[in-house]
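Visitor: Sequence and computational prediction follow.
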Amino acid sequence: GRTGDSIKSCSMLHTALGVCLKWILNINNFSEISMYVFSFSKMDRLIEHSKIYGPLWKSKFGSMVLVNVANADMIAQVMRQEGRHPIRTDMPHWRFYREIRNKAYGPLSQNGAEWLHIRSVLNPALLKPVHVSRYTNTLNMVVTDFINRATWLRENTGQGIVVHNLADELYKFAFEGICSVLFETRMGCLNEVFPEETQKFISSVGEMFRVSMIILLFPKFLWPYNPIWKQFVAAWDHIFKVADKLVQQKIGSIQEKVRLGETVEGEYLTHLLLSDQMTLEEILASITELLVAGVDTTSNTVAWALYLLAAHPEIQERLYQEVISVCPRGKIPTSDDFSNMPYLKAVIRETLRLYPVVPGNARVTAEKEIMVGDYLFPKRTLFHLCHYAVSYDESVFPEPHAFRPSRWLRGDTSQPRSHPFGSIPFGFGIRACLGRRLAELEMYLLMSRVRGVQSHTRTRLKPSPISATG
Ligand code: HEM
């Protein structure tokens with residue numbers, strides 16, 4: 001639903017903007033640029049380009065010149081030369097918003113030594129498996145609510161067979177899940193009546209991302225006169241307003257506990273507020289950026305995984321057998337159970353190879369010149385690492401279009417081990433995804449219990465013993 005609508009409105013916007021940009025700004029490659037923003041089918045052009053131009057070619061994005069890298073060895077070369085403070089892009093529009101509103105920067109928008117400091121504070125509670133496993137109960141409650149809601153929707157609006165708008169429902173699930181961890185608060189996204197304020201918050205996040213790439217196509221001096229910039233600012237204002245309210249609520253409840261002499265316990269936000277390693281403004285900025293980075297990514301991956309499973313009953317069956325062997329009779333899984341579910345992990349891993357929600361990522365070599373292949377690139381070269389193209393390179397993954405989770409099983413000797421940089425859906429190195437462990441836990445918890453709601457695909461499935469509880 002949401003994806004379909006946005007693609008429709010995007011293609012109109014695409015045509016209109018293409019004409020305006022060619023005319024006003026003399027930018028001719030809007031189709032190529034738009035593929036980053038709008039759809040996967042257009043991403044296939046990157047594969048075509050890598051076949052035509054080879055593993056390294058230049059292109060333009062607005063006024064920026066990109067060096068595209070579509071070869072696993074060369075991607076490894078770029079990533080292994082990144083210094084102590086890798087830069088993705090300067091994020092000038094995100095930074096400009098923070099400048100004019102006097103806000104702090106978070107892990108996505110900050111660079112240099114300040115970025116390293118932010119990561120050193122945020123990393124432990126999000127990346128260490130032992131810390132992340134503490135969010136299991138919180139997330140399991142969200143999964144239970146999601147399953148209840150999906151079951152209700154299927155029975156009441158889908159003639160007992162279909163859950164309509166599953167992508168929307170998964171988005172709400174991911175939003176609720178991440179808020180429950182980051183703000184230690186339930187937002188009510190899975191309630192029968194969807195809170196209006198939460199809806200506005202979600203719309204603002206979507207709006208901010210939608211216009212974010214478009215702004216980059218205009219020179220900075222034009223931003224203040226551009227209606228799109230105003231939308232961008234309004235969206236961020238709303239995101240920060242709601243995040244600020246949630247953080248203030250948490251501070252209020254901590255103060256109340258201290259006043260009553262009670263022990264203050266909590267998870268992520270409480271931990272950040274109680275340690276004095278960041279100012280309140282910095283905490284707010286970081287939490288907000290974590291939130292915007294963590295919703296679409298997780299929900300889209302689960303949506304693709306369910307779609308792929310529905311098309312591959314034999315893989316679905318194997319997954320189901322694994323899940324019930326580890327969690328029989330409706331046992332709710334814990335994080336420890338996933339070490340005995342290699343196939344579930346492989347299903348998610350293969351989904352991320354086929355549909356990496358971040359199909360390519362950027363690196364600016366700020367600190368030194370770097371060598372890629374036989375070429376020496378100067379400082380400040382902006383590389384676009386084309387992970388999507390490499391994931392479909394048959395010399396890296398034989399039969400690259402096949403959905404084959406067994407590629408990722410350790411014991412599977414039927415195929416050669418893939419190149420370590422052939423598919424890196426969470427990035428690599430010290431600037432890699434901060435939410436990886438949380439996203440994986442959230443996806444495994446959902447996928448191991450969701451079988452009973454997969455009938456959105458109109459495939460009749462055996463009812464899950466687990467969904468019967470929810
Ligand atoms: C399936 C889910 C996800 C995928 C595939 C994904 C993928 C990525 C990728 C590819 C990057 C860029 C890495 C690089 O440049 O080397 C990234 C960065 C980031 N991700 Fe994720 N992500 C996911 C979920 C999440 C979640 C749930 C959160 C928040 C809890 C999150 C927070 C971040 C942040 C803050 C960064 C920026 C890190 C930095 O610049 O220091 N991500 N993610």
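Guide: Perfect, thanks for sending it.
Visitor: Report the separation between Ala432 and Ala439.
Guide: Noted for Ala432: a distance of 12 Å to Ala439, by Cβ to Cβ, to the nearest Å. Just so you know, the C-beta spots here come from the backbone N, C-alpha and C atoms, and that holds for glycine as well.
Visitor: Please identify every residue contacting each of these two.
Guide: Phe426 (Cβ atoms under 8 Å, 6 or more residues apart in numbering).
Visitor: if you count what's nearby, which of these two comes out ahead?
Guide: Neighbour tally, Ala432 and Ala439, criterion other Cβ atoms under 10 Å: the higher count belongs to Ala439, 27 against 14.
Visitor: Contacts for the strand or helix carrying the more buried one, please.
Guide: Using DSSP states H and E, Ala439 maps to helix 436-447. Contact with helix 436-447 is made by 126-129, 132-133, 135-136, 139-140, 143, 146, 173-174, 177-178, 181, 294, 297-298, 301-302, 305, 319, 333, 335, 338, 341, 344-345, 347-348, 426, 433, as judged by Cβ under 8 Å, 6+ apart.
Visitor: which residues touch Ile100?
Guide: Taking Cβ under 8 Å, 6+ apart, one finds Val233 in contact with Ile100.
Visitor: Quick check: Ser212 touching Pro92?
Guide: No: Ser212 is not in contact with Pro92 according to Cβ atoms under 8 Å; the separation is 11.1 Å.
Visitor: need the contact list for Tyr268.
Guide: Counted by Cβ under 8 Å, 6+ apart, Tyr268 has contacts Ala125, Leu126, Tyr135, Val181, Leu182, Glu184.
Visitor: Distance check, the first one against the ligand.
Guide: To the ligand, Ala125 is 11 Å away according to Cβ to the nearest ligand atom, to the nearest Å.
Visitor: Nearest spatial neighbour of that residue, chain-adjacent residues omitted?
Guide: His131 (4.8 Å; Cβ to Cβ, 6 or more residues apart in numbering).
Visitor: buried ones in the host helix or strand of that neighbour?
Guide: Using DSSP H and E, the element containing His131 is helix 129-132. Along helix 129-132, these residues count as buried under the neighbour rule (16 or more other Cβ atoms under 10 Å): His131, Val132.
Visitor: Equivalent analysis for stretch 164-180, please.
Guide: 165-180.
Visitor: Test my guess that Glu197 contacts Lys241.
Guide: No: taking contacts as Cβ under 8 Å, Glu197 lies outside contact range of Lys241: 10.0 Å.
Visitor: Tell me the residues of this protein that contact the ligand?
Guide: Residues of the chain lying near the ligand by Cβ under 6 Å from any ligand atom: 88, 107-108, 119, 178, 289-290, 293-294, 297-298, 301, 352, 357-358, 361, 425-428, 431-435, 438-439.
Visitor: Drop anything exposed from the residues you listed.
Guide: 88, 107-108, 119, 178, 289-290, 293-294, 297-298, 301, 352, 357-358, 361, 425-428, 431, 433-435, 438-439.
Visitor: Quick one: distance of stretch 75-83 to the chain centre.
Guide: The chain centroid and the centroid of stretch 75-83 are separated by 22 Å under Cα atoms, centre = their mean, to the nearest Å.
Visitor: all helices for the stretch 51-200 of the chain, in order.
Guide: Counting by DSSP state H, counting those that start in this stretch, one finds helices in the stretch 51-200 of the chain at the ranges 72-80, 92-100, 112-127, 129-132, 136-157, 166-182, 196-215.
Visitor: how about a markdown table for those helices, with distance to Leu280 and mean pLDDT added?
Guide: Converted to a markdown table, the helices of the stretch 51-200 of the chain look like this (distance: least, Cβ to Cβ, whole Å; pLDDT from 0 to 100):
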| stretch | distance to Leu280 | mean pLDDT |
| --- | --- | --- |
| helix 72-80 | 34 | 94 |
| helix 92-100 | 15 | 95 |
| helix 112-127 | 13 | 94 |
| helix 129-132 | 22 | 90 |
| helix 136-157 | 23 | 92 |
| helix 166-182 | 15 | 93 |
| helix 196-215 | 20 | 89 |
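Visitor: could these go into JSON lines alongside distance to Thr270?
Guide: Supplementary listing: the helices of the stretch 51-200 of the chain in JSON lines, determined by distance: least, Cβ to Cβ, whole Å:
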{"stretch": "helix 72-80", "distance to Thr270": "35"}
{"stretch": "helix 92-100", "distance to Thr270": "25"}
{"stretch": "helix 112-127", "distance to Thr270": "10"}
{"stretch": "helix 129-132", "distance to Thr270": "13"}
{"stretch": "helix 136-157", "distance to Thr270": "13"}
{"stretch": "helix 166-182", "distance to Thr270": "11"}
{"stretch": "helix 196-215", "distance to Thr270": "21"}
